[in-house]
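A.B. asks: structure of the sequence below:
(one chain, ligands or ions: 1)
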Amino acid sequence: GQISGAIEVEQKFLFAPSTIEKLAELGAILEGRVSFRDSYYDVPDWCLTREDHWLREREGVGWELKCPPDVGVVGSKETPCAAKTDNHPSDPVLRPPRDKRSSHAATQYREVTCPQNIVTRLCGVLDRVPGQNWTCVNKAVEELGLEVFASFVTTRHKYRTGDLHVDLDEADFGYAVGEVEAVVRRLEDVPEALEKIQKFCRQLGLEEKTAIPGKMSVYLHRFRPAHYKALTEAGIIRKVISATEMP
Ligand code: V4E
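C.D. replies: Alright, predicted model coming up:
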């Protein structure tokens, strides 16, 4: 059956001081400034992130798992890590190969926050059976051998316009990135959310087809090169193009 959790549709962008003026002109309201530490977990051979599953503990918020939104929608067959790199025609999971997914740069992830659902998903991906006493995520994390592979603080300015959220993030390792986000409950509501996001990006004067690396791409590139290489080669995260590599 379908796993619970809202679907976040988001488009990342690079921002300049002029972006803040544009946001105001478009009627976006500054809702506040927050600061939080995220610690991301995986097993030593990166089985979770290689399957595009992102488990984090956000300070003051708790455990969150971000995963592809269509996982578990059709059938209930679990695909253990390393069993597939691409979809077989008979694969009951509807997820298209990553590079064929879109003509736009927006991403969609389901955000799972219910502890029981997080543990179920983790066990599915890692091909493990949950223990009776794994009632909290902390216990499962320990028993599954999950370890922190990335930890950083984000300072975020949160804007809102209608049902779109705009976050301007600055990570403590020196990377700034913006995101326009819509949250939907059902997979069939994704196309409309994408339309709204793309329209807003055009109004902001952003080239919405340009895919900007997220904080994680930049973090792994800098601090975890082997993990970065594995995930870029698998097409899970975007490559970071540094100024010296530009044509
Ligand atoms: C999904 C994902 C990761 C987990 C969190 O990523 P992100 O949304 O960038 O973080 P943040 O702090 O903005 O979370 P929020 O507060 O919005 O919940 S880390 C890497 N990924 C995959 C990924 C991808 N493949 N492409 C892009 C553009 N972003 C993320």
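
A.B. asks: max-length helix in this protein?
C.D. replies: Ranked by residue count and defined by DSSP state H, the top helix of the chain is helix 190-203.

A.B. asks: mind listing what's buried in that one?
C.D. replies: 190, 193-194, 196-198, 200-201 (16 or more other CB atoms under 10 Å). Quick note: C-beta positions are derived from backbone N, CA and C, even for glycine.

A.B. asks: so is it next to the ligand?
C.D. replies: No - contact of helix 190-203 with the ligand (CB under 6 Å from any ligand atom) is absent, the minimum separation being 12.6 Å.

A.B. asks: just how off-centre is that helix within its chain?
C.D. replies: How far helix 190-203 lies from its chain's middle: 18 Å, per CA atoms, centre = their mean, to the nearest Å.

A.B. asks: got it, and stretch 114-131?
C.D. replies: 19 Å.

A.B. asks: what's the average pLDDT for it?
C.D. replies: Taken as a whole, stretch 114-131 carries a mean pLDDT of 96.

A.B. asks: same check, this time on stretch 8-21
C.D. replies: 92.

A.B. asks: same question, stretch 171-178
C.D. replies: In the prediction, stretch 171-178 has an average pLDDT of 97.

A.B. asks: identify each buried residue in the helix or strand hosting Arg121, please.
C.D. replies: Using DSSP states H and E, Arg121 sits within helix 115-126. Neighbour counts over helix 115-126 (16+ other CB under 10 Å) mark 115, 117-126 as buried.

A.B. asks: go on, stretch 59-70?
C.D. replies: In stretch 59-70, counting by 16+ other CB under 10 Å, buried: 63-70.

A.B. asks: which of those lies closest to Thr19?
C.D. replies: Lys66 (24.8 Å; CB to CB).

A.B. asks: can you name the element that comes right after the helix holding Arg121?
C.D. replies: From helix 115-126, the next helix or strand downstream (DSSP H and E) is helix 137-143.

A.B. asks: about what we covered before: in helices, which of the buried residues of stretch 59-70 fall?
C.D. replies: Among the buried residues of stretch 59-70, no member falls in helices (DSSP H).

A.B. asks: contacting the ligand as well, which ones from these?
C.D. replies: Lys66.

A.B. asks: and the buried residues of stretch 59-70 as CSV, adding pLDDT and distance to Met216?
C.D. replies: Formatted as CSV, these follow (pLDDT from 0 to 100; distance: CB to CB, whole Å):
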residue, pLDDT, distance to Met216
Trp63, 98, 17
Glu64, 98, 14
Leu65, 98, 14
Lys66, 97, 10
Cys67, 97, 14
Pro68, 95, 15
Pro69, 91, 18
Asp70, 78, 21
